[in-house]
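A.B. asks: show me how the following folds:
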Amino acid sequence: MDNKWKDVWNRRHANKAALSGSWQDIFLELKRMNGFDVMDGGIPLDSLLMQARRIKELLHLTAGMSVFDVGCGAGANLYLLQRDGIAVGGTDYSAALVEAARGVLPEARELTCGEADAFDTTLTYDAALSNSVFSYFPDEAFAERVLTRMLEKAAGAIGLIDLHDAAKKEDFLAYRRAAIPDYDERYKGLSKLFYRRSFFADFARSHNLRIEYPAIEMEGYWNTPFVFHVFLYRK
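C.D. replies: Got it, this is the predicted structure:
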């Protein structure tokens, strides 16, 4: 993926004091490292926990099951899921974030550093997810390769959270430019990929999967009007 984005993520490092605090402090710090602090001071804890519960429900996960996170970053999603008795694993292309994840998830089945379309699929899981990551992919061909590997990696549900909606692209850019006066200059070379829902519908059809576009409420999250979510289930 784009090296400019990789540079951004590799510059993010942990606040060690926060990582030695309560589980809530640790979770919020992991979320901050994963980029959820860029607008309006971040997202309220209650909203993040509500989103996490909804994702767990949509993935059909219960204690004793397992989940793999593509683009796990510092491990925020996996940290909560492990607290609920779920075995976790993940991959991310930022060495700095994977190092942080290993620090808070010493019992993870695997935490690897590499491109999202190249992770090993030998060790399988009950479900797979990717939260706010697909928008950083270079194109749909790359995204399709990632989806194919996720399908090999997970025996059950696949969840894709925060996919930027191609139909809302102009609204998204207008919002960002209004909030950040030098947005175009500041984010030069840091583009996002916007998706058509039909891209995921076509993938589901070609792999005999059932597709859903569920609502995931997250109060206080500025990005909500511009994204959608996809969950894929084997028939």
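A.B. asks: just the strands from the chain, written as ranges.
C.D. replies: Listed in chain order, the strands of the chain (DSSP state E) span 66-70, 87-92, 110-113, 127-131, 158-164, 209-212, 227-234.
A.B. asks: the third one packs against which elements?
C.D. replies: When contacts are defined as 3 or more C-beta pairs under 8 Å, 6 or more residues apart in numbering; DSSP states H and E, strand 110-113 sits against strand 87-92, helix 95-104. (Each C-beta comes from the backbone N, C-alpha and C, glycine too.)
A.B. asks: how about the last one?
C.D. replies: Using 3+ C-beta pairs under 8 Å, 6+ apart as the contact criterion, the elements in contact with strand 227-234 are strand 158-164, helix 197-206, strand 209-212.
A.B. asks: adding mean pLDDT, distance to residue 144 and mean neighbour count, write these out as CSV.
C.D. replies: Converted to CSV, those look like this (pLDDT from 0 to 100; distance: least, C-beta to C-beta, whole Å; neighbours: other C-beta atoms under 10 Å):
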stretch, mean pLDDT, distance to residue 144, mean neighbour count
strand 158-164, 98, 12, 23
helix 197-206, 99, 6, 15
strand 209-212, 99, 13, 15
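A.B. asks: for the ones you listed, which one sits closest to residue 35?
C.D. replies: Across the helices and strands packed on strand 227-234, residue 35 has its closest neighbour in strand 158-164 (10.7 Å, C-beta to C-beta).
A.B. asks: now do that closest one and strand 66-70, the angle between them.
C.D. replies: Interaxial angle of strand 158-164 relative to strand 66-70 (axes from the mean of the first three to the mean of the last three C-alpha atoms, to 10 degrees): 30 degrees.
A.B. asks: just the CA atoms of strand 158-164, as PDB, please.
C.D. replies: C-alpha atoms of strand 158-164 as PDB (Å, rounded to 0.1, in the frame of the first residue of the first chain):
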ATOM      1  CA  ILE A 158     -16.400 -11.600   7.600                       C
ATOM      2  CA  GLY A 159     -17.000  -8.000   8.800                       C
ATOM      3  CA  LEU A 160     -15.800  -4.900   7.000                       C
ATOM      4  CA  ILE A 161     -16.400  -1.700   9.000                       C
ATOM      5  CA  ASP A 162     -16.200   1.900   7.800                       C
ATOM      6  CA  LEU A 163     -16.000   1.600   4.000                       C
ATOM      7  CA  HIS A 164     -16.000   5.000   2.400                       C
END
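A.B. asks: strand partners (parallel or antiparallel) of it?
C.D. replies: Strand 158-164 sits in its sheet next to strand 127-131 (parallel), strand 227-234 (antiparallel), going by DSSP bridges.
A.B. asks: any idea how far it is from the middle of the chain?
C.D. replies: 7 Å (C-alpha atoms, centre = their mean, to the nearest Å).
A.B. asks: so residue 85 makes contact with residue 66?
C.D. replies: No. Using C-beta atoms under 8 Å, residue 85 is not in contact with residue 66, being 10.5 Å away.
A.B. asks: and the contacts of stretch 126-136?
C.D. replies: By C-beta atoms under 8 Å, 6 or more residues apart in numbering, the surrounding residues in contact with stretch 126-136 are 1-2, 5, 34-36, 55, 59-61, 65-71, 77, 116, 143, 146, 150, 153-164, 192-195.
A.B. asks: pull out the buried residues from those.
C.D. replies: 1, 5, 34-36, 55, 59, 61, 65-71, 77, 116, 143, 146, 150, 153-154, 156-164, 192-195 (16 or more other C-beta atoms under 10 Å).
A.B. asks: thank you, goodbye.
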